[in-house]
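> starting from these lines, generate the structure:
(chains A, B, C and D)
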There are 2 protein chains.
Amino acid sequence: MKIDKEALQQLCPTRDVLDRIGDRWSVLILSELEEGSRRFTVLRRAIPDISQRMLAQTLRHLEADGLVTRTVYPTIPPRVDYALTELGRSLMAPLRALVAWAEANHQAVRDARQRYASTVTDGSPSTARPIMAASA
Amino acid sequence: MKIDKEALQQLCPTRDVLDRIGDRWSVLILSELEEGSRRFTVLRRAIPDISQRMLAQTLRHLEADGLVTRTVYPTIPPRVDYALTELGRSLMAPLRALVAWAEANHQAVRDARQRYASTVTDGSPSTARPIMAASA
DNA sequence: CTGCATCCGAGAGGATACTG
DNA sequence: CAGTATCCTCTCGGATGCAG
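Numbering: from 1, shown residues only, chains lettered A, B, ... in the order given. The predicted structure follows:
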């Protein structure tokens, strides 16, 4: 029995957007498109790590969400341009803020992970968790 | 053979943060903690849909990333408080902006998906994609 | 109360091959 | 060039049971 996702959506209306942000490629693609419309292959080269499957899929999702437009030129060879919609552009402002934070603080996050890892590794048998003494 | 994630991290330093944002529960937990420190069970009740397993796991991740602190009071029964760190609080500003955008525009996204779905369903055999005429 | 361990199904995402 | 289809792997995340 599946818990209906519709009900979950009512509780968390932001899921629609956050899921898209979190899916590894959307942010990269949106950032690239922010600088102007791009063809499929150009996007692929701009994001070398993405597989063509995920690029196509993610672009369809973004299109479905109304964040990008897809324009097909019925030429030979075919040509398809992707560009941000108004909605997509309006998303870039808060998104850039988040990315800026990430760029500014990712090193701090890395350091924290390093410390955390060493804390765990340090003298802990197997299932023990690090314990911080109560301050009160 | 696993492609080393380290190399990918170098290309996308924001992955650290974005992955955390995208993992379904972090944002909810951080939002809850923004209003003050919370005990494990209180968090669970505040986010009814989360399973015990994911709450503990997500909290450990957030702790590892240096975004929240974990304070154990060695009492019986045990009591554990979670709270935002400075780093965590500094993340909330851009995060709130993004959530605000999501709340303001999620309906637009929903509508877009609706239109997209009907476009696809409309008279398309099976593998055909919607085609937009070139404007030029 | 706070959480870890285990089992399990569903989905993300990569590699490859094929099409118009 | 711009995809789609298939296969396969790995992680996410829920359910349940156990422990300090």
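> hmm, the helix or strand hosting A:T69 touching DNA strand C?
When elements are defined using DSSP states H and E, A:T69 is found to belong to strand A:68-73. No. Legend: contact between strand A:68-73 and DNA strand C by C-beta under 7 Å from any atom of the strand is lacking; minimum distance shown is 10.9 Å. Quick note: C-beta positions are derived from backbone N, CA and C, even for glycine.
> and whatever residue of chain A ends up closest to DNA strand D, how many residues sit next to it?
Each residue of chain A has a distance to DNA strand D, by C-beta to the nearest atom of the strand, and the smallest belongs to A:T41, at 3.0 Å. A:T41 is surrounded by 12 other residues when neighbours are defined as other C-beta atoms under 10 Å in any protein chain shown.
> returning to what we had before: just checking, what packs against the strand holding A:T69?
With contacts defined as 3 or more C-beta pairs under 8 Å, 6 or more residues apart in numbering or on different chains; DSSP states H and E, strand A:68-73 has these neighbours: helix A:26-34, helix A:52-64, strand A:79-84.
> out of these, which is the most enclosed?
Here the criterion is mean neighbour count by mean count of other C-beta atoms under 10 Å in any protein chain shown, and of these the winner is helix A:26-34, at a mean of 20.
> next, the angle strand A:68-73 makes with it.
With axes from the mean of the first three to the mean of the last three C-alpha atoms, to 10 degrees defining the directions, helix A:26-34 sits at 60 degrees from strand A:68-73.
> what parts of chain A come near DNA strand D?
Taking C-beta under 7 Å from any atom of the strand as the test, the list of chain A residues beside DNA strand D reads A:3, A:39-42, A:52-53, A:56-57, A:59-60, A:70, A:77-80.
> and these, which two are furthest apart?
With distance counted by C-beta to C-beta, no two of the residues of chain A next to DNA strand D lie farther apart than A:I3 and A:P77, which are 45.8 Å apart.
> between those two, which has more neighbouring residues?
Summary of the neighbour comparison: A:I3 and A:P77, criterion other C-beta under 10 Å, with A:I3 having more neighbours (8 against 5).
> if we can go back for a sec, host element of the residue of chain A closest to DNA strand D?
A:T41 is located in helix A:40-46, with elements delineated by DSSP H and E.
> need the helices and strands packed on strand A:68-73 in a markdown table (columns: mean pLDDT and distance to B:I47).
Shown next, in a markdown table, are the helices and strands packed on strand A:68-73 (pLDDT from 0 to 100; distance: least, C-beta to C-beta, whole Å):
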| stretch | mean pLDDT | distance to B:I47 |
| --- | --- | --- |
| helix A:26-34 | 94 | 24 |
| helix A:52-64 | 95 | 26 |
| strand A:79-84 | 97 | 33 |
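> quick one: which of the ones you listed is nearest chain B?
Taking C-beta to the nearest C-beta as the criterion, helix A:52-64 is the member of these that comes nearest to chain B, at 4.1 Å.
> identify the residues contacting the closest one?
Outside of helix A:52-64, the residues within contact range by C-beta atoms under 8 Å, 6 or more residues apart in numbering or on different chains are A:20, A:23-26, A:29-30, A:40, A:43-44, A:47, A:50, A:68-70, A:82, A:88, B:112-113, B:116-117, B:129.
> weed out the non-buried ones from these.
A:20, A:24-26, A:29-30, A:40, A:43, A:47, A:50, A:68-70, A:82, A:88, B:112, B:116 (16 or more other C-beta atoms under 10 Å in any protein chain shown).
> spit out the contact partners of the closest residue in space to A:L18 that isn't next to it in sequence.
Spatially, and ignoring its direct neighbours in sequence, A:L18 is nearest to B:V27 (6.1 Å; C-beta to C-beta, 6 or more residues apart in numbering or on different chains). With contacts defined as C-beta under 8 Å, 6+ apart, the neighbours of B:V27 are A:T14, A:L18, B:I21, B:L95, B:V99.
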